[in-house]
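[1] here is the input, now give the coordinates:
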Amino acid sequence: MVGNLFLHKPISNVCDAMFARLGRGPYERAMLIGIAALSIGGALFLLRGHLSALLRPRAALTVVALAVLSVSAQRWLLVSNVELIHLPQFGLLAALLLAAGLGPQAAWLGATFAGVLDETYQWLVIYAHVQGTYFDYNDIILNALGAAWVVVLVGGSATGDLAPQWRRAVIGLLLVGLTVTLWLAPPRVVATDVFPYLRPGVARAATGFDYHVMSASEGFAALLAIWGLVALATRGARRSATPVATSVAAMVFLLLSACRPVPSSPPSPEVAMGEGIKGVESKMEEAAPVPSRIAISGDGGGLGRGFIITFWCGPPLSEFTDARAAEIAAAGFNVVGAPCEGALTPALNRRALEIAARHGLTLWIADNRVGQPYELSPGWEDRLAEAIADYGDHPALGGYFLVDEPNAARFDDLAKVVEHLRVADPGRMPYINLLPDFAPSDVLGTPTYREHVEEFVATVRPPLISFDYYPFKIDADRETFFDNLTLVRSVAQANGVPFLLIVQAMPHGRYRDPTAAEIAWQVHHALAFGARGISYFAYWTPEHVAEQDRWQFRHGLVERGRPTVHLAQAAHINRDVRAYAAALDGFTSTAVADSAGRFGTPLPIDPLVALDGGPVTAGFFARRNQVAVMLVNQDYRRQRRIVLRLPAGARLPETFDVAAQRWHRLGTPVVSLPPGGARLLRWT
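    Below you'll find the predicted structure:
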């Protein structure tokens with residue numbers, strides 16, 4: 001245990017150096033094969049002379065159950081294969097305790113408790129400087145599984161094991177903890193429309209793994225279940241002495257057990273590239289700064305960790321520095337959009353990826369070998385393969401920018417590129433942005449806008465529907481903002497694809513300079529309609545672009561390298577967006593209503609009969625036995641006092657305090673909404 005606590009960082013540096021040298025794919029394969037071989041070799045060593053004990057029904061049943069749990073852990077709890085080291089690490093610690101004379105359950109509890117101490121040390125010491133650090137139940141369960149495997153394989157009985165009163169006391173404490181945490185930290189699951197109707201909420205790690213962060217209640221329940229399996233397998237069996245050689249082997253393996261990457265502070269480029277980034281990712285709460293890779297739910301369902309916050313017109317690659325990346329991360333963005341101007345070279349893109357990784361950001365690459373594929377010329381597949389080879393091994397790569405506002409005549413070519421990327425570099429975003437609904441049919445390439453969007457999804461099969469809509473003209477507002485959102489939402493839900501809205505955040509052409517309330521109005525409506533991401537037009541004010549004389553781009557979030565007031569406004573909005581997305585984690589968008597009945601599903605919708613004092617938009621979300629409603633003030637000039645009309649005898653809902661990021665019960669059915677502002681309510 002001393003070695004485990006104090007050798008984390010030295011050995012993590014070795015692991016990160018391996019990652020940097022081998023690349024992500026070979027590194028993950030090497031960890032999987034190497035740790036599996038270590039585990040199997042250790043298991044065979046322990047099984048010498050004890051194999052017949054596994055033929056007992058209870059032992060065989062336990063082995064099958066542990067195998068199922070281990071496969072589930074591999075699927076849901078890991079952000080890198082190197083984390084498999086937990087299994088032999090704490091399995092061998094259990095072997096040491098067995099060799100010292102402890103009974104099987106005592107040995108399992110001792111090793112598991114040592115794992116709790118390990119995680120506590122990481123929480124309070126190693127990760128103390130990391131904002132949002134939390135206690136990691138994933139690792140504790142992996143530790144408990146490793147210890148359980150050894151105890152079951154070696155065999156033994158409860159004779160001389162824990163005294164009954166101590167066993168009852170520990171079980172009682174676990175049950176009390178489970179009861180309390182079920183209320184305070186319920187399981188993080190997402191409702192689905194197919195069996196088994198619930199699945200773990202997941203995020204995407206920098207390694208490309210989809211992983212689930214266990215809540216406290218899940219951790220307590222899992223510990224009780226594993227202890228039950230240990231008790232089942234060891235009850236009534238003949239106690240067998242563990243050879244002294246096992247202890248020696250355990251001591252030899254102990255140095256290897258610390259090989260779990262932990263980032264130093266601040267992270268070095270190697271740590272940012274390697275699995276050191278996991279140390280930050282797996283220790284951060286859901287409302288904390290976002291992970292390096294963005295998880296997009298394929299079912300278009302719940303919000304949460306996968307929410308994209310990005311922008312159009314990223315900084316030119318030559319202007320993308322550590323200071324600029326820190327500014328972007330501090331403003332609450334998690335994806336750096338492709339630049340609109342400046343040189344595009346593989347070397348500059350690789351440099352940008354390194355910088356993005358150091359600041360926990362993901363980058364959407366712009367490369368002439370990938371982007372703007374209006375007409376596929378001979379050799380396009382080779383050029384695409386070259387680009388993937390240049391960037392595909394980098395953990396900060398989130399996707400590839402392909403094209404903006406394509407005509408439907410280009411959908412077939414885009415489908416070929418998207419499919420090629422899906423096969424060659426799965427998990428990375430082939431990013432395409434669509435036209436808004438006011439584009440004429442000759443520009444759309446289809447008679448209607450609905451046909452344009454539906455044909456795009458059916459032909460291209462994108463992982464995300466992105467579209468821009470700028471509602472604020474100099475002399476008036478566009479009238480189809482809600483129609484456009486409604487149509488895209490319906491197509492997205494019908495096809496199980498998430499969608500993203502690009503909002504107007506700067507003046508250009510016939511569009512006025514939006515106020516903070518007008519920008520928030522757009523963003524809050526995207527959330528209410530169930531969007532999985534927002535993008536701002538634009539971050540870097542484009543100057544050296546085509547038709548600058550016509551559009552007169554000006555006053556973006558950053559202009560000529562200097563932040564404008566719009567960057568501060570976006571940072572404030574993004575802070576709220578992250579909080580709302582975390583609060584809605586696991587919820588699914590079910591309906592959208594307008595208090596006046598002009599669009600969406602007419603009220604009443606349980607649990608709201610009506611909304612007085614509007615106009616107000618209500619986005620409905622559901623999760624198990626909970627319903628959440630996001631109210632958005634449709635007036636971006638005046639505050640509104642909204643009165644909730646509820647069914648007779650219905651309880652008042654909880655309201656989400658976005659600043660404190662906590663729920664509390666409403667004391668009155670009246671809700672105040674600032675201009676363009678939002679309020680999140682919840683009924684259980």
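[2] now the strand or helix carrying Thr181: how far from the chain's centre is it?
    Per DSSP states H and E, Thr181 falls inside helix 164-184. From the chain centre to the centre of helix 164-184 is a distance of 31 Å (C-alpha atoms, centre = their mean, to the nearest Å).
[3] quick check: pLDDT value at the closest residue in space to Pro669 that isn't next to it in sequence.
    Using C-beta to C-beta, 6 or more residues apart in numbering and skipping residues adjacent in sequence, the residue nearest Pro669 is Leu644, 4.3 Å away. No exception for glycine: its C-beta is placed from N, CA and C like everyone else's. Predicted confidence (pLDDT) at Leu644: the value is 96.
[4] where's Leu644 relative to Ala610, distance?
    Distance from Leu644 to Ala610, counting by C-beta to C-beta, to the nearest Å: 8 Å.
[5] Leu384 contacts Asp367, doesn't it?
    No - applying C-beta atoms under 8 Å, one finds Leu384 not in contact with Asp367, separated by 9.3 Å.
[6] doesn't the residue nearest to Pro669 fall inside a strand?
    Yes - assessed by DSSP: H, G, I helix; E, B strand; the rest coil, Leu644 belongs to a strand.
[7] and it, what does it touch?
    Counting by C-beta atoms under 8 Å, 6 or more residues apart in numbering, Leu644 touches 608, 611, 652-653, 669-671, 681.
[8] what do you get if the cut-off is 10 Å, keeping everything else the same?
    607-613, 618, 629, 631, 650, 652-653, 666, 668-671, 681 (C-beta atoms under 10 Å, 6 or more residues apart in numbering).
[9] what does Glu386 give?
    Shown in contact with Glu386 (C-beta under 10 Å, 6+ apart): 346, 367, 369-370, 379.
[10] now intersect those with the strands, please.
    Within the contacts of Glu386, no residue falls in strands by DSSP state E.
[11] sorry, back to before: shared neighbours of Leu384 and Asp367, anything?
    In contact with both Leu384 and Asp367: Tyr400, using C-beta under 10 Å, 6+ apart.
[12] go ahead and confirm Val403 touches Val417.
    Yes - with contacts counted by C-beta atoms under 10 Å, Val403 reaches Val417, the gap being 8.9 Å.
[13] joint contacts of these two?
    In contact with both Val403 and Val417: 370-371, 373, 430, 432, using C-beta under 10 Å, 6+ apart.
[14] quick check, nearest of those to Ile573?
    Top of the list for closeness to Ile573, among the shared contacts of Val403 and Val417 and by C-beta to C-beta, is Ile432 at 24.9 Å.
[15] mind checking what secondary structure the closest one has?
    strand.
[16] next up, the contacts around it.
    By C-beta under 10 Å, 6+ apart, the neighbours of Ile432 are 373, 400-406, 410-411, 414, 417-418, 456, 460, 462-467.
[17] now with 8 Å?
    402-404, 406, 414, 418, 456, 460, 462, 466.
[18] now which of these would you call buried?
    By neighbour count, with 16 or more other C-beta atoms under 10 Å, these hold 402-404, 406, 414, 418, 456, 460, 462, 466 as buried.
[19] and the furthest pair within those residues?
    Applying C-beta to C-beta across the buried ones among the contacts of Ile432, the maximum distance is between Asp404 and Val418, 15.0 Å.
[20] and Tyr536, what element?
    Judged by DSSP H and E, Tyr536 forms part of strand 533-537.
[21] ok, that strand: who's next to it in the sheet?
    Sheet pairing of strand 533-537 (DSSP bridges) gives strand 308-312 (parallel), strand 499-504 (parallel).
[22] any residues touching the longest one, and which ones?
    With contacts defined as C-beta under 8 Å, 6+ apart, strand 499-504 is touched by 300, 308, 312, 433, 464-472, 485, 488-489, 492, 511, 514, 518-519, 522-523, 526, 530-537.
[23] can we see that at 7 Å?
    For strand 499-504, contacts defined as C-beta atoms under 7 Å, 6 or more residues apart in numbering pick out 308, 312, 433, 464-472, 488-489, 492, 511, 514, 519, 522-523, 526, 531-537.
[24] then the shortest one?
    Residues from elsewhere that reach strand 308-312, judged by C-beta under 7 Å, 6+ apart: 294, 332-335, 337, 500, 502, 532-539, 557, 574, 577.
[25] so Ala579 touches Ala659, yeah?
    No - using C-beta atoms under 7 Å, Ala579 is not in contact with Ala659, being 8.1 Å away.
[26] of the two, which one has the most company?
    The neighbour count for Ala579 versus Ala659, taken as other C-beta atoms under 10 Å, is higher for Ala579 (20 against 9).
[27] what does the pLDDT read for the more buried one?
    Confidence score, pLDDT, at Ala579: 94.
[28] for it, give me phi and psi.
    phi -70, psi -40 (degrees, to the nearest 10).
[29] any idea how far it is from Leu680?
    9 Å.
[30] what's the overlap in contacts for those two?
    Taking C-beta under 7 Å, 6+ apart as the contact rule, Ala579 and Leu680 touch no residue in common.
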